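Enquirer: with the sequence up front, the predicted model follows.
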Amino acid sequence: MRSSLFGCGVVLSLALIFTILALATPTWIADPSSSTGLIKAQIWSVSIDVTKSDAEKVAIAFLVLAMAGLLPASILVIFAATREGKEKMAKIGGALAVVSGLFLLIAMAAYTGLRIEWVDFASTVNWGYSYALGWAAFCLALVAGLFAIFAK
């Protein structure tokens with residue numbers, strides 16, 4: 001159990017890193033000459049601030065909430081893995097991770113719904129790697145959180 005909890009803590013830490021990278025990097029939507037992130041956009045080699053619409057505001061808010069939950073979740077789960085008799089701590093960390101995963105789901109789904117008209121799979125405009133990191137962080141947080149809750 002202790003090694004599986006430690007693995008869950010490492011995966012939660014990875015989800016936290018993916019969430020930070022998704023928020024900080026400028027490639028949520030990309031085409032050959034430019035990319036747009038939540039905070040910055042790049043046109044050729046020039047970086048500019050993004051005018052934040054509802055899509056960016058919702059995504060940023062819920063990504064920050066997810067980060068605020070993933071940090072203590074990963075600490076609690078790793079701490080529970082290194083100490084004997086701390087199963088309750090692992091369950092609390094797992095619950096925090098699941099809630100953070102739901103925050104990530106809301107952030108990603110809201111951004112997708114509000115920006116889907118920009119992305120055309122027949123053209124050169126596609127979702128970028130920052131967008132993929134957000135969805136990967138959601139999957140990692142949810143799975144690791146559930147494993148931490150149900151670890152025996």
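Expert: Yep, that arrived.

Enquirer: quick one, strands of the chain?
Expert: With DSSP state E as the criterion, the chain has strands at 29-30, 34-36, 40-43, 46-49, 126-127.

Enquirer: nearest to A15, out of those strands?
Expert: Closest approach to A15 among the strands of the chain (C-beta to C-beta): strand 126-127, 19.0 Å. (Each C-beta comes from the backbone N, C-alpha and C, glycine too.)

Enquirer: what sits up against that closest one?
Expert: 28-31, 119 (C-beta atoms under 8 Å, 6 or more residues apart in numbering).

Enquirer: ok, and the most crowded of those residues?
Expert: When neighbours are counted by other C-beta atoms under 10 Å, W28 leads these with 29 neighbours.

Enquirer: tell me what the lowest-mean-pLDDT helix or strand in the chain is packed against?
Expert: Counting by mean pLDDT, DSSP states H and E, the chain has its least confident helix or strand at strand 46-49, which shows a mean of 82. Counting contacts by 3 or more C-beta pairs under 8 Å, 6 or more residues apart in numbering; DSSP states H and E, strand 46-49 is packed against strand 40-43.

Enquirer: so who does V98 touch?
Expert: 141-142, 145-146, 149.

Enquirer: could you do Y131 as well?
Expert: Counting by C-beta under 8 Å, 6+ apart, Y131 touches 22, 27-29, 108, 111.

Enquirer: identify the farthest-apart pair in those.
Expert: Once C-beta to C-beta is applied, the contacts of Y131 give T27 and M108 as the farthest pair, at 14.7 Å.

Enquirer: what is the burial count for A151?
Expert: So A151, with other C-beta under 10 Å, has 19 neighbours.

Enquirer: in TSV: the strands of the chain, plus distance to V11.
Expert: What follows is those, written out as TSV (distance: least, C-beta to C-beta, whole Å):
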stretch	distance to V11
strand 29-30	27
strand 34-36	28
strand 40-43	28
strand 46-49	32
strand 126-127	23
